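>>> got a sequence here, can you build the structure:
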Amino acid sequence: MNLTRHTLHTCNFGDRGGSIGHPCGRAAKALREHGHEFEVHIAAVGHPFGVATAGRRPQIKALSGQEKLPVLELADGTVIAGSNAIIEWARGNRPA
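Residues are numbered from 1 along each chain as shown. Model prediction:
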């Protein structure tokens, strides 16, 4: 994938803001609040909190080494997995 900006791989709760109490929604909200431009790639629908997902997200596993969402793929190819790590990165790396 040729990235020109960041991609947030998420479930449908991260799309267009989603539920801010859900990890995918929290990650999307933090990225927006801290001024990051990103695309949303919905990698899963209907499996909140990664329940019963073993083996169902091979693309995410190949990208991040695990199957849980959210996963942030930076424009430079760096991968950050998990909402808390994404939120921390968003806060500490505001765009110029």
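>>> give me the buried stretch members for stretch 63-74, please.
Within stretch 63-74, the residues scored as buried using 16 or more other CB atoms under 10 Å are 63-64, 67-74. From N, CA and C alone the C-beta is placed, and that goes for glycine too.
>>> do me a favour and get the end-to-end distance for that stretch?
End-to-end distance for stretch 63-74, by CA to CA, to the nearest Å: 12 Å.
>>> and if you look at stretch 72-89?
Terminal-residue distance, stretch 72-89 (CA to CA): 10 Å.
>>> picking up where we left off before, need the buried residues of stretch 63-74 in TSV (columns: distance to residue 82).
Formatted as TSV, these follow (distance: CB to CB, whole Å):
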residue	distance to residue 82
63	13
64	9
67	12
68	7
69	9
70	7
71	8
72	9
73	13
74	14
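>>> between the residues you listed, which is nearest residue 40?
Set against residue 40, the nearest of those by CB to CB is residue 70 (9.5 Å).
>>> wait, the closest one sits on residue 9?
Yes - assessed by CB atoms under 8 Å, residue 70 is found in contact with residue 9 at 6.3 Å.
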